[in-house]
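Enquirer: dropping a prediction and its sequence here:
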Amino acid sequence: MRFPPLLQARLIRRYKRFLSDMRLPDGREVVAHCPNPGSMLGLAPEGARCWLEPNDDPKKKLGYSWKLVEPAPGTLVAVDTGLANRVVAEALATGAVPDLAGYATIRAEVPYGAGSRVDFLLSDPTRGEALVEVKSVTLSRGGWAEFPDSVTKRGTKHLQELAREAQAGRRAVMLYLVSRSDGTRVRIAADIDPAYAMAFDAARAAGVEMLALGTEVSPEGVRAARALPVA
């Protein structure tokens, strides 16, 4: 997934979840949309180098959207959690996810469960169906990419619904996309959300497949790169 030309900035602060103050290279201060509902733990140090996508859409209240941050020298992280599904869609379409390759059709946002929508439904006349839920992983601690970075009741619900589908005999997959350039392995942040960790263990025991993909992140775009182990 490629970005349009991005503009560098420096972070002043992130606040009210979806807002951030940025300083542009010419010294101007602007407000940018922060498309990330999580805590962004470790991703918002004052003065961090960021990349913004300008927009001139009169329907949008803010003229910039925060896309990337460099929380540590040489490490780029995709802030926009909405990018994960676009990256995975491209990877699925090109067969770049070996465990999910070979399906004839790929549909996005398909209703299932108790009023939910699965991110992708893969289907094939001979292989049947696979339900794939995607989560964007941006937290890193102790050499591990971790999910979640805050309590996520919605994420727990998704695991429980996938577990029910797996128990009913359908292929169900939770796919963690590590939206960081330094991600090499994934685990669950049980200290941050114990309920999610319990749901994860139960879903895995029920037959839900836990997969993870690393990414290549740059100001030019984000691309799925390689499979990563999930603890």
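Expert: Structure received.

Enquirer: looking at it, residue 122 is touching residue 110, isn't it?
Expert: No - the pair residue 122 and residue 110 fails to qualify as a contact (C-beta atoms under 8 Å) at a distance of 10.0 Å. In this view, the C-beta of every residue, glycine as well, is placed from N, C-alpha and C.

Enquirer: higher neighbour count, the two?
Expert: Counted by other C-beta atoms under 10 Å, residue 122 and residue 110 do not tie: residue 122 has more neighbours, with 23 against 15.

Enquirer: secondary structure class for the more buried one?
Expert: Here residue 122 takes the strand state, with states given by DSSP: H, G, I helix; E, B strand; the rest coil.

Enquirer: from residue 123, how far off is the nearest residue to it once chain neighbours are set aside?
Expert: Here the nearest residue to residue 122 in space, its sequence neighbours aside, is residue 103; by C-beta to C-beta, 6 or more residues apart in numbering that works out to 3.8 Å. According to C-beta to C-beta, to the nearest Å, residue 103 stands 6 Å off from residue 123.

Enquirer: what touches both of the two?
Expert: Counting by C-beta atoms under 8 Å, 6 or more residues apart in numbering, the shared contacts of residue 103 and residue 123 are residue 130.

Enquirer: which parts of the chain belong to which domain?
Expert: With automatic domain parsing serving as the domain definition, the record reports that the chain contains domains spanning 7-78, 83-228.

Enquirer: ok, and what's touching the longest helix that the chain contains?
Expert: Ordering each helix of the chain by length in residues (DSSP state H) puts helix 153-167 first. Outside of helix 153-167, the residues within contact range by C-beta under 8 Å, 6+ apart are 112-114, 116, 131, 133, 135, 147-148, 172-174, 193, 195-196, 199-200, 202-203, 206-208.

Enquirer: now, which of those lie within helices?
Expert: Secondary structure assignment (DSSP H) places 195, 196, 199, 200, 202, 203, 206 from the contacts of helix 153-167 within helices.
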